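> Provided below for reference: sequence and predicted model.
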Protein chains: 2
Amino acid sequence: MARVVVDVMLKPEILDPQGQAVQRALPRLGFEGVSDVRQGKRFELEVDGPVDDAALTRIRELAESFLANTVIEDFTVKVEDEKVEAGK
Amino acid sequence: MARVVVDVMLKPEILDPQGQAVQRALPRLGFEGVSDVRQGKRFELEVDGPVDDAALTRIRELAESFLANTVIEDFTVKVEDEKVEAGK
């Protein structure tokens, strides 16, 4: 049992109105110094069995076919190990 | 200039219909072996200046106040270093 994370973000050249809305709201809310915000999706998949190369290849196919629209989105697949900074 | 990533996920005890819909669709689509899927949001913030402890504290406040609904969502803040597995 392992957790695999698929992050799906709009490609850099695609306009991101959600992220822009957040970025423009921040100074009004008292947070300066954030020059850009992009908003995307994060999928956490609990995978049965070992996550070997074959499993990762399958998950990349899955992400490419169903989780991301690769015309406008990029995705990354990673096996989750540790969190660098934990919120609450 | 550094990139800080805020991941916002529903708390484990909160039902996630989007993730469930994805998880249930996978066997139909030929992908077995994924026992759970959770879907959340990923924010990529481009921060001006160095990301020191003060900046991270500020970003955690920002995430807690505006990016996450901490009644139903957890968030993590991390400074992005490297991608373990890159898709396309």
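Perfect, I can see it now. This structure is a prediction, so every number in the text was calculated from the model and none was measured.

> quick one: the strands in chain A?
Taking DSSP state E to define them, one finds strands in chain A at A:2-10, A:34-47, A:73-79.

> report all helices and strands that the lowest-mean-pLDDT helix or strand in chain A contacts.
When each helix and strand of chain A is scored by mean pLDDT, DSSP states H and E, helix A:53-62 comes last, with a mean of 93. Packing partners of helix A:53-62 (3 or more C-beta pairs under 8 Å, 6 or more residues apart in numbering or on different chains; DSSP states H and E): strand A:2-10, strand A:34-47, strand A:73-79. For every residue, glycine as well, the C-beta is placed using N, CA and C.

> mean neighbour count and mean pLDDT added to the strands of chain A, as JSON lines?
Formatted as JSON lines, these follow (neighbours: other C-beta atoms under 10 Å in any protein chain shown; pLDDT from 0 to 100):
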{"stretch": "strand A:2-10", "mean neighbour count": "20", "mean pLDDT": "96"}
{"stretch": "strand A:34-47", "mean neighbour count": "20", "mean pLDDT": "96"}
{"stretch": "strand A:73-79", "mean neighbour count": "19", "mean pLDDT": "96"}
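
> could those be laid out in CSV, adding distance to chain B?
Shown next, in CSV, are the strands of chain A (distance: least, C-beta to the nearest C-beta, whole Å):
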stretch, distance to chain B
strand A:2-10, 5
strand A:34-47, 4
strand A:73-79, 4
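
> determine which of those approaches B:R58 most closely.
strand A:34-47 (9.5 Å; C-beta to C-beta).

> the lengthiest helix in chain A: which residues count as buried?
Counting residues, the longest helix found in chain A (DSSP state H) is helix A:17-28. The neighbour-count check on helix A:17-28 (16 or more other C-beta atoms under 10 Å in any protein chain shown) flags A:19, A:22-23, A:26 as buried.

> so how far is B:L62 from A:M9?
Here the criterion is C-beta to C-beta, to the nearest Å. By it, A:M9 lies 19 Å from B:L62.

> do A:E46 as well
With the distance defined as C-beta to C-beta, A:E46 ends up 30 Å from B:L62.

> same question for A:D36.
When A:D36 is compared with B:L62 (using C-beta to C-beta), they lie 14 Å apart.

> how about A:M1?
34 Å.

> and for A:A54?
Distance of A:A54 to B:L62, given as C-beta to C-beta: 40 Å.

> more crowded one of these two?
Shown here are A:A54 and B:L62; by other C-beta atoms under 10 Å in any protein chain shown, B:L62 has more neighbours (22 against 9).
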